[in-house]
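*Asks:* The sequence isn't on hand, but the structure is:
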RNA sequence: GGCGCGGUACCCAAGUGGUAAGGGAGAGGUCUGCAAAACCUUUAUGCGCCGGUUCGAUCCCGGCCCGCGCCUCCA
């Protein structure tokens, strides 16, 4: 440790600082020249499964040296990006630097990304706190995979995210808005041509979106221009000032958004089905939210048939029957939207 | 005790030395057979608290309060 003067440059835990505030419970190891030294090679006990011969006896690599060895072998002395959770910054990454740079005299990584941990309901997620959820738990509660993803990605990686069920609901609603818009774009017949204002709006959104991502992956900031463009487009469509060329421009922006956020195409059913199959197999069906089960029983074909029947009823001005079907579907999580271009439905 | 990060509207959440993006929710309105969707209006003289620097601070500096992570037995 004492032979590597740069120790602490990543985390701020310099040797001086560590000495000043050292914990009470650190034992002094007589085998260490400096208490801050860490083992590069560990002695293998008799029950150790993986061990190798060495000049110092049978042993195995210390945790930190594993990473230095692997990165050097596959990425070279220096590489662009080293990522990890914030908990690993010290000591693990600090020690990787100390080892690798002592040997190579080159910077180990040119950029470090440390992801902050999330809180759940304002507290650290832990089993003993009772706020520990797996992705499968959330799916079985009826939340969509895409909503979980959006909720987690909407806060920049460097910031602490407070994960809540309200936040999931909010993400669910935001996704619905995006998907409704996406469906509107792809199913509406627009006249040929372009609206210069829309073209400019799409260009601006694209530029702002990329700028936000280029700004240390600021995903929260990146969302804003997308929603701005969404509103501008909806307004233009409502006013008949939106054309096929505009649709293509806006879809281009949405595509680059979706490369990162991946929410526009509804592929949520398969993740939910896998979670349900697991629950079935493990005898955990009691954990499944009743609303989720109610929604599962209805096939797309059955919905199409009911929607068609409702349209016929409406034509005959039998609104009572039409509303009855709509309510029936709503109970099973299916929402109907009437529009000039026909009837659309979606699963909530 | 040491090192680091954060506290912005009802909720989530960007952001900048020059007067607060975006999303969700609520309220009112337009449209609709009624809805849904969409759109419009509306919700922070205010950005944890107290000082300081400045023509001007949410943004800079100092102190305090609160929250989170790490502090080298394991990976």
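*Replies:* Looks like it arrived, so ask away. What you see is a predicted model, and the numbers here were worked out from it, not measured in a lab. Numbers count the residues shown, from 1 in each chain, chains lettered A, B, ... in the order given.
*Asks:* and chain A, what are its domains?
*Replies:* A:15-115, A:118-184+A:267-286, A:188-265, A:297-347 (automatic domain parsing).
*Asks:* can you pull out the strands in chain A?
*Replies:* A:41-43, A:59-61, A:79-85, A:109-115, A:119-120, A:123-124, A:162-163, A:334-339, A:342-347 (DSSP state E).
*Asks:* Contacts made by the third one with the rest, please.
*Replies:* Contact partners of strand A:79-85, identified using Cβ atoms under 8 Å, 6 or more residues apart in numbering, comprise A:71, A:92-93, A:96, A:108-115, A:117. In this view, the C-beta of every residue, glycine as well, is placed from N, C-alpha and C.
*Asks:* For it, which strands pair with it and how are they oriented?
*Replies:* For strand A:79-85, the pairing partners within the sheet under DSSP bridges are strand A:109-115 (parallel).
*Asks:* excluding its backbone neighbours, what's nearest residue A:181?
*Replies:* residue A:230 (5.1 Å; Cβ to Cβ, 6 or more residues apart in numbering).
*Asks:* And the strands of chain A, which one averages the lowest pLDDT?
*Replies:* Within those, the stretch with the lowest mean pLDDT is strand A:123-124, showing a mean of 73.
*Asks:* thinking the residue nearest to residue A:181 is in contact with residue A:180, fair?
*Replies:* No: in this structure residue A:230 lies outside contact range of residue A:180 using Cβ atoms under 8 Å: 9.5 Å.
*Asks:* Give me the more crowded residue out of the two.
*Replies:* residue A:230 (21 against 16; other Cβ atoms under 10 Å).
*Asks:* Just the pLDDT for residue A:21.
*Replies:* 57.
*Asks:* my bad, residue A:141
*Replies:* For residue A:141, the model assigns a pLDDT of 91.
*Asks:* residues touching it, list them.
*Replies:* Residue A:141 neighbours (Cβ under 8 Å, 6+ apart): A:289, A:292.
*Asks:* Kindly list the main-chain dihedrals of it?
*Replies:* Residue A:141 adopts backbone torsions of phi -80, psi -10, taken as degrees, to the nearest 10.
*Asks:* any idea how far residue A:304 lies from RNA strand B?
*Replies:* 17 Å (Cβ to the nearest atom of the strand, to the nearest Å).
*Asks:* returning to that earlier point: redo the strands of chain A as JSON lines? Include mean neighbour count and distance to RNA strand B.
*Replies:* Output for those, formatted as JSON lines (neighbours: other Cβ atoms under 10 Å; distance: least, Cβ to the nearest atom of the strand, whole Å):
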{"stretch": "strand A:41-43", "mean neighbour count": "15", "distance to RNA strand B": "6"}
{"stretch": "strand A:59-61", "mean neighbour count": "18", "distance to RNA strand B": "7"}
{"stretch": "strand A:79-85", "mean neighbour count": "13", "distance to RNA strand B": "8"}
{"stretch": "strand A:109-115", "mean neighbour count": "14", "distance to RNA strand B": "8"}
{"stretch": "strand A:119-120", "mean neighbour count": "17", "distance to RNA strand B": "6"}
{"stretch": "strand A:123-124", "mean neighbour count": "11", "distance to RNA strand B": "3"}
{"stretch": "strand A:162-163", "mean neighbour count": "17", "distance to RNA strand B": "5"}
{"stretch": "strand A:334-339", "mean neighbour count": "14", "distance to RNA strand B": "3"}
{"stretch": "strand A:342-347", "mean neighbour count": "14", "distance to RNA strand B": "8"}
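*Asks:* Format these as CSV; extra columns: distance to residue A:174.
*Replies:* Conversion of the strands of chain A to CSV gives the following (distance: least, Cβ to Cβ, whole Å):
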stretch, distance to residue A:174
strand A:41-43, 49
strand A:59-61, 46
strand A:79-85, 26
strand A:109-115, 22
strand A:119-120, 20
strand A:123-124, 25
strand A:162-163, 15
strand A:334-339, 16
strand A:342-347, 15
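*Asks:* out of the ones you listed, nearest to residue A:199?
*Replies:* strand A:334-339 (24.8 Å; Cβ to Cβ).
*Asks:* mind listing what the closest one pairs with, with the direction of each?
*Replies:* Going by DSSP bridges, the partners of strand A:334-339 are strand A:342-347 (antiparallel).
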